[in-house]
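[1] Curious how this folds, go ahead:
(2 chains)
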Number of protein chains: 2
Amino acid sequence: MSFSVTILGSGAALPTVQRNPTSHYIECNNRHILIDCGEGTQMQIRKAGVKFQKITHILISHLHGDHFFGLVGLLSTMHLLGRNQGLTIYGPEGLEQIIRLQLEVGGSKLDFSIDFIPLFGTENKLLFEDKMIEIHTFPLKHKIPTNGFLIKEKQKDRSIIGEEFKASGLSLMAIPFFRTGKNFVDDNGEEHFFEDYTFPSKPAKSYAFCSDTKYTETIIPYVSEVDVLYHEATFTEKEIDRARATMHSTAKQAALIAQKANVKKLLLGHLSARFENDKKHLSEAKEIFDNVMVVKDLDVVSV
Amino acid sequence: MSFSVTILGSGAALPTVQRNPTSHYIECNNRHILIDCGEGTQMQIRKAGVKFQKITHILISHLHGDHFFGLVGLLSTMHLLGRNQGLTIYGPEGLEQIIRLQLEVGGSKLDFSIDFIPLFGTENKLLFEDKMIEIHTFPLKHKIPTNGFLIKEKQKDRSIIGEEFKASGLSLMAIPFFRTGKNFVDDNGEEHFFEDYTFPSKPAKSYAFCSDTKYTETIIPYVSEVDVLYHEATFTEKEIDRARATMHSTAKQAALIAQKANVKKLLLGHLSARFENDKKHLSEAKEIFDNVMVVKDLDVVSV
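    Okay, here's the model as predicted:
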């Protein structure tokens, strides 16, 4: 079981020498997902030592340039590196046209297929699941339609206590019952209780991504109890008017969401280029929610 | 008089940690020009300490992504930094649509005007001139229509030898004659010779940019005698077949063009990501043309 988030870009609309525009790479139980893809993401992927071709799903939150201008370059590079495995891209309508047009003018034809799945910034729904993970989207509130994302491990079945089971002499047919939390009735009609032969697996972990958004408590149900919440914190309270005008959040507001949603850990990012360091963000958030971290480019956070 | 080229990106289609995709910034007599704008150019501009807003002309050679994917991000950043001065962009047809579409989906409206001037990769012509510089384009030969560029200082007028002129007692009206290399006839009908009162200004300098192109001697007349020639050298002779197939050049071929065009200095760039260093390129070119340099990101070359 592995679950980590690599911060490829932690900056906002104006990239700086320290902070590239937004992109997060998520590895969850050997599934490889990219969320947002600001300009320069492919260079950051190289710096982070991430393997381009393992990525199978790309999620784009919205069509402000600092969240998608790097996508076409990444796709070109995947092609040049010989990719032939298909790719699924979830993002706002219009994204497909932009990407296809840019590839077309250069005479490029990708050697792999892309499924573009349109998102509208209005729905809370399951986008993808397999036996290991689920990907959900939920609406944020920003100047244009914007999607939040939730990546969850699938809850694993209960684990068999080997010694107890062996000593019982029960048929192997009991195992699927016990692992899924059901009792087993043997051929003699005797009931055997799953708690006696199993213990619960570790709780499934989850990561939620909220960028960009104004402060809105409507997102709390979607991110409730997650292990790691990333919430944008473009500004601090001193710039609250600017935050309201641009439909962004302050560090304090992000911390309030984390507190009210009872998450375990909060990551702050998307810091405006005006801030020379993250001290104000950190102290402001810590007053509300203690387990907070202001992310930097190339940080790797374990979920 | 100042004339320098800052290499913002020296790599080819696949950017590496060391080499960003192509972009050159040219400062010539207080004129500020960007040639090509691969992904990440705006971050390189910051690293190089170039002032975004001074740039008035952007020249895009062709529509392969490693030469223009960074343009929309640069324009967005110029807007966010408060630009209101107009900008002229010379580039292939289709570029304007790509840029406008990407800005439109994000709901951005730039606060400055852009003149898009289409180029077709077929013409040798003057694009722009003022009292200090000229910008020309000329055709290269690549897989899609591709434009080379030539930036020239305007030849300055001759300089007056102050002491000689003063001692002559001639009217100030003689000065414009002498500076432009004409003799002056005074009111008494006496002819005064410009050579006696002036010396020639320094020769006007010039910089030519050739990327991407196969080896073609058709470009020699356009770059003849320039002070600095940048010529792509994606490969070395060992990969000559690959160079032919992709319509790129080898270091040796670039050196042959420099030699035949009798340029003063040769810059090589656009090195394929397969090369770990520039040793092969340098030694191969030096066999043909001695004053050669393989450029690196953030090199500044005086013209």
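
[2] can you list the domain ranges for chain A.
    Chain A is divided into the following domains under automatic domain parsing: A:3-156+A:202-302, A:159-199.

[3] I'd like those domains written out as TSV, with distance to chain B added.
    The C-beta positions use only the backbone N, C-alpha and C, and glycine is treated the same way. As requested, the domains of chain A are arranged in TSV below (distance: least, CB to the nearest CB, whole Å):
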stretch	distance to chain B
domain A:3-156+A:202-302	4
domain A:159-199	43
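
[4] Next, format these as JSON lines and append mean neighbour count and mean pLDDT.
    As requested, these are exported to JSON lines (neighbours: other CB atoms under 10 Å in any protein chain shown; pLDDT from 0 to 100):
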{"stretch": "domain A:3-156+A:202-302", "mean neighbour count": "20", "mean pLDDT": "96"}
{"stretch": "domain A:159-199", "mean neighbour count": "13", "mean pLDDT": "94"}
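
[5] Export these as JSON lines, with columns for distance to residue B:250.
    What follows is these, written out as JSON lines (distance: least, CB to CB, whole Å):
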{"stretch": "domain A:3-156+A:202-302", "distance to residue B:250": "20"}
{"stretch": "domain A:159-199", "distance to residue B:250": "61"}
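
[6] how about those domains, which one is nearest residue B:264?
    domain A:3-156+A:202-302 (33.4 Å; CB to CB).

[7] Look up which helix or strand residue A:209 falls in, please.
    strand A:206-210 (DSSP states H and E).

[8] Please name the strands paired to that strand in the sheet, noting orientation.
    Using DSSP bridges, the strands paired with strand A:206-210 are strand A:147-153 (antiparallel), strand A:228-232 (parallel).

[9] Can you add distance to residue B:76 and give those strands back as a markdown table?
    Shown next, in a markdown table, are the strands paired with strand A:206-210 (distance: least, CB to CB, whole Å):
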| stretch | distance to residue B:76 |
| --- | --- |
| strand A:147-153 | 21 |
| strand A:228-232 | 18 |
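
[10] for these, which one sits closest to residue B:94?
    Nearest to residue B:94, of these and by CB to CB, is strand A:147-153 at 29.5 Å.

[11] Convert the C-alpha atoms of that closest one to PDB, please.
    C-alpha atoms of strand A:147-153 as PDB (Å, rounded to 0.1, in the frame of the first residue of the first chain):
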ATOM      1  CA  ASN A 147     -13.600  20.900 -10.400                       C
ATOM      2  CA  GLY A 148     -12.200  19.500  -7.100                       C
ATOM      3  CA  PHE A 149     -11.000  16.000  -7.000                       C
ATOM      4  CA  LEU A 150     -10.900  13.200  -4.400                       C
ATOM      5  CA  ILE A 151      -8.700  10.200  -4.700                       C
ATOM      6  CA  LYS A 152      -9.500   7.300  -2.400                       C
ATOM      7  CA  GLU A 153      -8.100   3.900  -1.800                       C
END
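
[12] Which parts of the stretch 51-200 of chain A are strands?
    A:57-59, A:87-92, A:114-119, A:125-129, A:133-139, A:147-153, A:159-160, A:184-185, A:191-192, A:198-199 (DSSP state E, counting those that start in this stretch).

[13] For residue B:185, find the nearest of these.
    strand A:87-92 (74.4 Å).

[14] helices and strands around the closest one, which ones?
    strand A:57-59, helix A:71-80, strand A:114-119, strand A:147-153 (3 or more CB pairs under 8 Å, 6 or more residues apart in numbering or on different chains; DSSP states H and E).

[15] next one: it to chain centre, how far?
    Here strand A:87-92 shows a centroid-to-chain-centroid distance of 14 Å under the convention CA atoms, centre = their mean, to the nearest Å.

[16] Partner strands of that strand and their direction?
    Strand A:87-92 pairs in its sheet with strand A:57-59 (parallel), strand A:114-119 (parallel), by DSSP bridges.

[17] List of residues touching it?
    Strand A:87-92 is contacted by residues A:55-63, A:68, A:71, A:75, A:78, A:95-96, A:112-121, A:127-128, A:135, A:137, A:144-145, A:147, B:105 when judged by CB atoms under 8 Å, 6 or more residues apart in numbering or on different chains.
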